[in-house]
Structures are given as structure tokens and as C-alpha cells.
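Novice: Below are the sequence and a predicted model; questions follow.
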Amino acid sequence: MRIILVCALMCISFAVLPAWAGQEQDESPPMDKNNPANLKTITATTYSMNAYPGESHLDGQWECSIVGSDGKVYFGDSSHDSNTAAMYCQYDPTTAQVHVLVQNMDVPLGEQAAVAAKTHAPQGKLHVPEIEINGYIYSGTYYGYAGSTYPGGYAFRYKLGSYEANSVAQIDNMGISYPGGEQYNSPAYDAVNNKFYFNTTRMNPDATGSNKVNTGMPYSYFYEFCDGSGNLWTTDSGTLYKLDANTNNYHNMGSLPATHDPNNPSLPGTGYSPYSCFYFGAKPTDANGVLQNNLYVFQQGYDGDLYELNAVNASITKLAHIGLGGLDMCMGGHTVYWLQSATPYGTVYTDPVTHQQTTYTSDAKAQDQHLMSINILDPNHAIVDWGRVIDQSGRTPWRCEGMSADANGHVYMTGDWHLLRDPNTGVVLQSEHPNTVIRANDNSPGSYWDYTNDSPWRGQFFAVVNAPEPMSLALLLAGGMMILRRRR
């Protein structure tokens, strides 16, 4: 089967059509910052990504995490290093093992020789959210190191089951979307017309390439989707757009809802910006697990509200005020999961370990990340605080902006965690980074910490958290009681 690759560019907007209709609600903040319940914890099982040979320079991850139809997790890990390409991995929950599918993404994309010759920068990042289409996982690459010529981001796909069948992952190179193009936005699939949309920016608009069409759609942070009729929906700087699948014309559908302060829903937000968009977005399932192709749950950047878009009538309904979200959000079935700190949004705080000053914003960097969730089918839209996330060894996440979840409450996170230190000396334990050099030095771009001379403070980990919704637990318990009664 042939899939048409369609690429979107930043461009001008057209006529304004009717927009959204939502209702404001009087709500209390989702997390009581002074509540003693904030001391509760939930345990994550983590796997060090820097421990893999040759991967000590992995140093950050956005997006690119999905639970496949086979129940396994497919995720990326990325680097800003001049010699390190992104790594693509699989987590098998039945064996609790991480498998490296591709250690160097330059290899299947044909970039290894050019990178070795220093004529091209590596395909250092996997920041494109993944989608599954007919037995393949689709994603794309992005540069990490900015000191060399970048040829452009590639679209690629992984064939499900190929690693299990051959011990080698089948990665199909779909080519560079546009020469010089950067991409870290969600692809979308029009199942009606068998079109695969890929969104890129900062590119040569005249280089269309083979089987690639410039739709003229605006550039979009970070998500977009196709509805049940094949229409493409995207956002840009506070505006909602639709590409009509029948006419191939796109329309300005009006403004997105005004943002609200993440700490206080009665206060206005910071106003529209490039991040007033589908900063997070996903299609939910109904109570029977059927994907709702005309519904889209989303949150805007630097906003505290969670919304649902109905593509049939272009209406937007506010679901709840959930506080600060960000890229560290995901949807599992009909439940949204996200990390959130008890630190108020916008607070400038000094890290007690590194003594670095950090502002808590949508690029969620914190010491006390809590796992939060909301079941959108719950008529009360109750928010669950699962507690502060701590792994089996006592580490805590700094940010985990590559998240995914299944419909059974298994949440998967890829990102930065604070490394363990000697309680007496305060020096990071050598066991935390068996390789000599680890992650980028934030205070000196392009350089790296050496544990023998410096004290690196965070590393890359993949994490697993089990957080089944109370409603799901109740159903499981009820089902168990029914089975027990039948067996008596």
C-alpha cells in the first residue's frame, strides 16, 4: 500500500470562520500546594539510558513515545553532541526489558558517512510524536548539534514485529521532508484518503521533492490530527486551522480559547504566543475503548485549562482547569496523565543540589514532580494526584517530556532524572554513570561533564509507573467479585 507524504509549511492565514464555544467554571486549583498529601509518593521503575555503551552523551528527550498495538512502548532518546545520533528503543512490559532497536539513527537514514566527515550534523533528536498506521510506527528526526550543516529532518517508519522476527529492526527511510527542514511536530494520518501529513519549518519552500506536496498549512507547535472525514486540524499562535480533505483548501477557523493562569483560573494567561496551540493533544477512546476520531483533547502552552475539540461542528469545550501541563503529558485510553510540581507556575527557585536558578514553566523542570491524571469520561472531571514520583533507588525526575500510556494505567516516561549522590560528600556516585563522560554541561554549551573532575547532576532514564484510574480499579474489583460469586 502506498502512502502519500504531505508536508506543511509556515504561511499566511485566510478568511475567518466561526470558532469555539466553551464555558468557564469556578474551580479550585488541582493541587493544594500546602496539603500534607503532597508528601505521598508513587514508585517508578527506571532504566538508565546513559549506561548503554557509546550513549553517555544522550542528554534530553521530547515526545517520540507511543504504546503500540502490540502493547510495547516505542521511544527515542536524543543528544546535542556533534558525534551522537538519536537512539530508538523498545520497552517490552512482559519481560520488563528495554531493547535498543537502532543505536545510531544516522545509519538507517544514510547519514553516517556525511556525519563522520563533518559535512552534516547528526540526526541527533527524535522529537516528533509518533503515530501507528497499519502495522508501522511513524516518526521523524531533528538535529541536536547546531555546529554543522543540517540536511533536514527525515521521516521514517518502523515495522512492528520486525525486531522480534529477525533481531533487527526494519526502519524504512521515507526521505527528508524538505531540505534543511526542522521537525518536532506530530504527524497526522488521513485514513479516508490514505495521506500522511508531516509538519516541518525553516526550510526551502521551493524544494518539494518526490511524492511530497506543500499543503500551505501554517506551521504548528506541537500536535495536529485528522478527523473522521480526513480533514487536517492544526494550530498556530492562537488560531485554529482546518485543511479540507475534499478541496485541499485550508480555512482559518478562528481563535483558540483565551489562556488562563495555571495557578488561578480566574486570572488571564500570558496571552497568545507560538505556544498558544495544541501544545498537547490526543484522541480519546470511549468507554468501550473505541477511538473517537472526531474528538481531540488538548492543552495550550502556559495555560491551566484542558479542552476538547469536536471536529464535527468545530466546537471547543473546556473540560477542567488542571494547572500547568506541558510536553510531559500523554493520553492513555480516555485518561490524561501529566507531571506537575507543587512549585507554583512562574516561580524562580534555586535547585538545592546544583544551586542553579530555574523558573518553573511549561518546560517543566522541577525537584518535586507529581504524577497527575484526569479521566475525561468522569462527569465530575476529578483530578487525581498520585503523589511525588520517586524511582526504586530514590531518584526524582527533573523533566520527562517523552510520555505515553496505555488504557490500563501504565505510564511511560523518558527524560532527565536527578542522579544519586554520596550523602557525605555530595558527589554524584560513579555507579550512576559508568561511562567516563556524561550529558551536556548546561553552563558551557558544547562541553560535557567528566565525573572524575566535575559533578554531573542529571542523566537520561526511561521510567515505568503503574497508575490505574480509581474507576478502572472499581470495575476490576467488581468483575472479580462477580467471578468469585459465580465460582461458589
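Specialist: Now that the structure is in, tell me what you want to look at.
Novice: Which residue is the nearest non-sequential neighbour of residue 122?
Specialist: residue 85 (4.3 Å; C-beta to C-beta, 6 or more residues apart in numbering). (Glycine included, C-beta is placed from N, CA and C.)
Novice: where exactly do the strands run in the stretch 151-300 of the chain?
Specialist: Assigned by DSSP state E, counting those that start in this stretch, the stretch 151-300 of the chain shows strands spanning 154-159, 171-176, 188-190, 195-199, 212-214, 225-226, 232-236, 239-243, 250-255, 280-282, 295-299.
Novice: if I pick the residue nearest to residue 122, what's in contact with it?
Specialist: 79, 104-107, 111, 115, 122-124 (C-beta atoms under 8 Å, 6 or more residues apart in numbering).
Novice: Pick out whichever of those sits closest to residue 405.
Specialist: residue 105 (24.5 Å; C-beta to C-beta).
Novice: Over to that closest one: give its phi and psi.
Specialist: phi -70, psi -10 (degrees, to the nearest 10).
Novice: Check whether it really touches residue 143, as I assumed.
Specialist: No: using C-beta atoms under 8 Å as the test, residue 105 is too far from residue 143 to be in contact (11.4 Å).
Novice: which neighbours do these two share?
Specialist: With C-beta under 8 Å, 6+ apart, residue 105 and residue 143 have common neighbours residue 123.
Novice: re earlier: the strands of the stretch 151-300 of the chain: lowest mean pLDDT?
Specialist: The weakest mean pLDDT among these belongs to strand 212-214, with a mean of 54.
Novice: how much space is there between the spatially most central residue of the chain and residue 41?
Specialist: Closest to where the C-alpha atoms of the chain average out (C-alpha atoms, centre = their mean) is residue 63, at 2.7 Å. Between residue 63 and residue 41 the distance is 26 Å, computed by C-beta to C-beta, to the nearest Å.
Novice: Residue 418 too?
Specialist: On the measure of C-beta to C-beta, residue 418 and residue 41 end up 15 Å apart.
Novice: Just want to know which of these two has more residues nearby.
Specialist: Neighbours per residue (other C-beta atoms under 10 Å) separate residue 418 from residue 41, with residue 418 holding more: 20 against 14.
Novice: Please name the residues that touch that one.
Specialist: Residue 418 touches 353, 367, 395-398, 457-458, counting by C-beta under 8 Å, 6+ apart.
Novice: one more time with 10 Å
Specialist: Listed by C-beta atoms under 10 Å, 6 or more residues apart in numbering, the contact partners of residue 418 are 351, 353-354, 367, 391, 394-398, 428, 432, 457-459.
Novice: Distance check, residue 196 against residue 115.
Specialist: Counting by C-beta to C-beta, the gap from residue 196 to residue 115 is 27 Å.
Novice: With residue 95 instead?
Specialist: Per C-beta to C-beta, residue 95 is found 33 Å from residue 115.
Novice: out of these two, which sits in the more crowded spot?
Specialist: Neighbour count, other C-beta under 10 Å: between residue 95 and residue 115, residue 115 has more, with 23 against 9.
Novice: what secondary structure does the more buried one sit in?
Specialist: Following DSSP: H, G, I helix; E, B strand; the rest coil, residue 115 is assigned to helix.
Novice: In this structure it contacts residue 124, no?
Specialist: Yes: using C-beta atoms under 10 Å, residue 115 is in contact with residue 124, at 9.5 Å.
Novice: Now for those two: what residues contact both?
Specialist: Shared contacts of residue 115 and residue 124, counting by C-beta under 10 Å, 6+ apart, come down to 82-85, 106, 145.
Novice: Take these and write them to JSON lines, including pLDDT and secondary structure.
Specialist: Below are the shared contacts of residue 115 and residue 124 laid out as JSON lines (pLDDT from 0 to 100; DSSP: H, G, I helix; E, B strand; the rest coil):
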{"residue": "82", "pLDDT": "82", "secondary structure": "coil"}
{"residue": "83", "pLDDT": "83", "secondary structure": "coil"}
{"residue": "84", "pLDDT": "87", "secondary structure": "coil"}
{"residue": "85", "pLDDT": "93", "secondary structure": "coil"}
{"residue": "106", "pLDDT": "96", "secondary structure": "coil"}
{"residue": "145", "pLDDT": "79", "secondary structure": "coil"}
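Novice: Out of the residues you listed, which end up buried?
Specialist: Among the shared contacts of residue 115 and residue 124, those classed as buried by 16 or more other C-beta atoms under 10 Å are 82, 84-85, 106, 145.
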